[in-house]
Each structure stands twice: as C-alpha cells, then as structure tokens.
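Peer 1: I'd like to go over a predicted model; first the sequence, then the structure.
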Amino acid sequence: MHGHYETDPSVRTPLPVYDIHQDYDWNYAHAPKLSMESIDSMDPVPGQWTYAGLSVPSPLAMAAGPLLNSQWLLYYARLGFDVLTYKTVRRCERASYPMPNLVPVVSDVLTPGVPAVNAQATMGDAWAVSFGMPSKMPAVWRSDVALCRSHLASHQILSVSVVATPDATTSAVALGEDYAQCAVWAFESGADVVELNFSCPNVSTSDGQLSNQLDAAKGVLETVRAAVGDRPLLAKLGVVDDMEQIDLWIALAQLTRIGLVMINCVGARVRTVDASSNTFHFGGVSRGIAGKAIAPAVKQQFHAFAEARKRQQASVSLLPVGGIDQAEEVTWFLDRGAEAIQVATAPMLNPHWAMEIRQGMHP
Ligand SMILES: Cc1cc2nc3c(=O)[nH]c(=O)nc-3n(C[C@H](O)[C@H](O)[C@H](O)COP(=O)(O)O)c2cc1C
C-alpha cells in the first residue's frame, strides 16, 4: 500500500497557466517564469520510485504536451514534478494546426467508440486536443533540450517524446529509421528517457496509428533499440482493447525492454456548443479527448495490461495517463503496479497539483 493523500487548497498562490485562447506559437513564446520566492516548500515522497527504470524521488510525471519547450519544462520542474516530458518533436519542422487547439468538452464518461462529444463554453475538466504534433527544427529543439537538461536538478528526469514523419511512400524500414534518428538526437542532447509516440488520435495521418499495428511497431522498436543501445525507452499507446493485442504488446515490450505509457486520449468528433445545429469542430474529423472524461477508459486498459503482465510473468513498466486528477487515482494505479503516473490536464489547470499531491503523502 502507498501512503494516504490529502490536498490542501489553502496553500495556493496564483500561478500562470497555458492560455487556451492563444495559439501554440504564442504559448511557446510566453512560457511562465518562476522566482524562487513564489514556490511553496516541497514535501518529500516516501518510498522507492523509478521511471523507465531510473531512480527518481517521486512517481508523478508531466506527460508529453503541456511542456512546449525548456522554459515550460523548468517551470513545472519547480512545481513538484521530478519527471518532465518534452512535447513531441520530429526530424523536421511542422506547424501547429490552427486555433482552436483546445476545446472544452462536457465531461461525460467517454469510452472508446463513442462517436461524438459536446463542446462547452468554459473549461470544466475535459477538452479536445488539436495541435497536430507541431515541431521546431531539430537544431532548435536539440539545443533547447540540452539547455533544459543543464538547468534541471540531477535527480530530475528529462524525457523527450518523439514521433516519425512519414508520407505515403515511406517504407517500414524508413519509419523505424526516422524514430531512431529522433531518439538518438534526443539522447545526444541530454534526454534521460525517450518516449516513442505510437498513437496520437488528434492527427489523421498514419504516424498516429502504430499502437494498433504490432508488426510495424515491432520493426520500429527493434530499429530504435539497435540505435540507442540500453538507454531507457517508452512507447506511448492509444486505445488497445483487444486481449490478444494486449498480450502481444506485453510480450513485445518485454522483448525490446521498453515501458508502456497509456493512453494518448480517446478519439471522438466534437459537436459545437450550439448542439441543436449538429455542426462539428475540426471539419467533423475526430480529435483526442483528454481529461476526466477518459479516466474510466484508462483504468480499464491499464487493468487489462497489468493482468497480461501478470499472466506472462513479465516485468514491463506500465505508466498510465489520462484523467488522473485526484490523489486517490494516483494511489489506485500505484497500488496496482504502475511504475509511475503521468498527468497533463490536471496540472495545466492547477499548477499546484503536484505540490498538493506530495503534501499529503505520508507513510
Ligand atoms: C495541451 C496538450 C498537448 C498534448 N500534446 C501531446 C503531444 O505532443 N504528444 C503526446 O504524446 N501527447 C500529447 N497530449 C496527450 C497527453 O500526453 C495525455 O496523453 C492526455 O492529455 C491524457 O492525459 P490527461 O487526461 O492527464 O490530460 C497532449 C495533451 C494536451 C492536453
């Protein structure tokens, strides 16, 4: 059993957050800065923790997404996170999708296969995510990753999320080489961990679908593993609900010594606020829904993977992400064998989130 958690909202001082009324480029250029005086004291987290096999003082990780660059990363590194993931980068520059990039949605429980959700005017605890995995040129993100690593404390872990950029003619071999190139660059720049993004339901191109193509994923993992040696690797999956596929994923992860992060949103179309008109955001194309609405789907998938891991007596790291916002949910996953948990939406809405969770962790 892990410790009991409590949160104490009275410790809050206002802190800046990602501005959803501004676009990706604006937020990239306006990362918050934090002076030493504005940070509350950090409570230690009792217990022994690892992340992708590396020792770390706490099991709370910022997921790929909210941390657009080193300034964002260092901001959250001061706010109670010892594991920080750099938003997905590529081997080439890629512009963000146009606004809106984040559309608040009604927080009904969202299970895979539900075709549409309703937008709402103000943010509750769930939203549709639409960035299209933008990336700066490698020269830019590589030097920024290096800068970031040089400013992090030695106990903090810098994970870099990468994705390939295939086109219609890209071969399976070239796809693997693309991921491998990005991973090598990330490690050369100082990343401690690389997270291979194998699923992103907010893009409709094939680079988002690897988590449901086991053969292709296997080829990519073998190529990346050969290129990076024993460095810590994670693969981020989308919805995988077929038991046979889940068993195969555990076997593949064990074979290639990778940890599995799950899940990268649940895809759905997003009806505009004026639901009576039955019109849709994003040209009616599905986007990834993040936040509280996907919490049950994440629990279900994590449970199925944990069972498969037990059946196979495997030692694969499982890292849940999606809809975790309460201390009880952190405990739920850790008690069931999660190596650590990742969060995006909760700390974007409340930058004090990790400090509040840590504050309540008692032996
Ligand atoms: C603003 C934002 C940007 C995101 N960008 C990425 C990304 O670049 N790569 C990725 O793998 N996931 C991305 N995600 C998905 C998150 O990593 C996470 O899987 C998802 O938000 C579910 O977790 P949550 O409910 O705690 O937000 C993004 C999510 C948000 C909210």
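Peer 2: Happy to help now that I have it. Residues are numbered from 1 along each chain as shown.
Peer 1: what's around the residue of the chain found nearest the ligand, how many residues?
Peer 2: Going by Cβ to the nearest ligand atom, the ligand is nearest to residue 65 of the chain, at 2.4 Å. For the C-beta atoms, the positions are set from N, CA and C on the backbone; glycine is no exception. Residue 65: 24 surrounding residues under other Cβ atoms under 10 Å.
Peer 1: Equivalent analysis for residue 284, please.
Peer 2: 11.
Peer 1: do you know how far the residue most central in space within the chain is from residue 324?
Peer 2: Nearest to the geometric centre of the chain sits residue 63, at 3.1 Å (Cα atoms, centre = their mean). For residue 63, the distance to residue 324 equals 10 Å [Cβ to Cβ, to the nearest Å].
Peer 1: shared neighbours, those two?
Peer 2: Common contacts of residue 63 and residue 324, defined by Cβ atoms under 8 Å, 6 or more residues apart in numbering, comprise 342-343.
Peer 1: The residue of the chain closest to the ligand is in contact with residue 347, isn't it?
Peer 2: No. Counting by Cβ atoms under 8 Å, residue 65 does not reach residue 347; the two are 10.6 Å apart.
Peer 1: in the helix or strand hosting residue 182, what's buried?
Peer 2: Here residue 182, judged by DSSP states H and E, is contained in helix 172-188. Across helix 172-188, burial judged by 16 or more other Cβ atoms under 10 Å covers 175-187.
Peer 1: returning to what we had before: tell me who's in contact with the residue of the chain closest to the ligand.
Peer 2: So residue 65 contacts 85, 87-88, 129, 131, 290, 344 (Cβ under 8 Å, 6+ apart).
Peer 1: Let's have those in JSON lines, adding secondary structure and pLDDT.
Peer 2: JSON lines is the format used below for those (DSSP: H, G, I helix; E, B strand; the rest coil; pLDDT from 0 to 100):
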{"residue": "85", "secondary structure": "strand", "pLDDT": "98"}
{"residue": "87", "secondary structure": "strand", "pLDDT": "98"}
{"residue": "88", "secondary structure": "strand", "pLDDT": "98"}
{"residue": "129", "secondary structure": "strand", "pLDDT": "97"}
{"residue": "131", "secondary structure": "coil", "pLDDT": "96"}
{"residue": "290", "secondary structure": "strand", "pLDDT": "97"}
{"residue": "344", "secondary structure": "coil", "pLDDT": "98"}
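Peer 1: Tabulate these (TSV), appending distance to residue 247 and neighbour count.
Peer 2: Formatted as TSV, those follow (distance: Cβ to Cβ, whole Å; neighbours: other Cβ atoms under 10 Å):
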residue	distance to residue 247	neighbour count
85	27	30
87	31	25
88	27	23
129	29	22
131	32	22
290	27	29
344	28	25
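Peer 1: and which of the residues you listed is nearest to residue 15?
Peer 2: residue 344 (16.6 Å; Cβ to Cβ).
Peer 1: roughly how far apart are the residue of the chain closest to the ligand and residue 105?
Peer 2: From residue 65 over to residue 105 (counting by Cβ to Cβ), the distance is 16 Å.
Peer 1: I'd guessed residue 270 sits against residue 127; true?
Peer 2: No. The pair residue 270 and residue 127 fails to qualify as a contact (Cβ under 8 Å) at a distance of 9.3 Å.
Peer 1: Counting neighbours, go ahead and name the busier of these two.
Peer 2: residue 127 (29 against 24).
Peer 1: Could you tell me whether that one really is in a helix?
Peer 2: No. Going by DSSP: H, G, I helix; E, B strand; the rest coil, the assignment for residue 127 is strand, not a helix.
Peer 1: Just confirm residue 251 contacts residue 312, I think it does.
Peer 2: Yes. Applying Cβ under 8 Å as the test, residue 251 and residue 312 come out as touching, 6.4 Å apart.
Peer 1: circling back: which neighbours do residue 270 and residue 127 have in common?
Peer 2: 103, 105, 289.
Peer 1: quick one: contacts for residue 84?
Peer 2: Taking Cβ under 8 Å, 6+ apart, we find residue 84 in contact with 61-62, 67, 73, 76-77, 152, 156-159.
Peer 1: how about those residues in JSON lines, adding distance to the ligand?
Peer 2: What follows is the contacts of residue 84, written out as JSON lines (distance: Cβ to the nearest ligand atom, whole Å):
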{"residue": "61", "distance to the ligand": "10"}
{"residue": "62", "distance to the ligand": "9"}
{"residue": "67", "distance to the ligand": "9"}
{"residue": "73", "distance to the ligand": "13"}
{"residue": "76", "distance to the ligand": "13"}
{"residue": "77", "distance to the ligand": "17"}
{"residue": "152", "distance to the ligand": "20"}
{"residue": "156", "distance to the ligand": "18"}
{"residue": "157", "distance to the ligand": "16"}
{"residue": "158", "distance to the ligand": "15"}
{"residue": "159", "distance to the ligand": "11"}
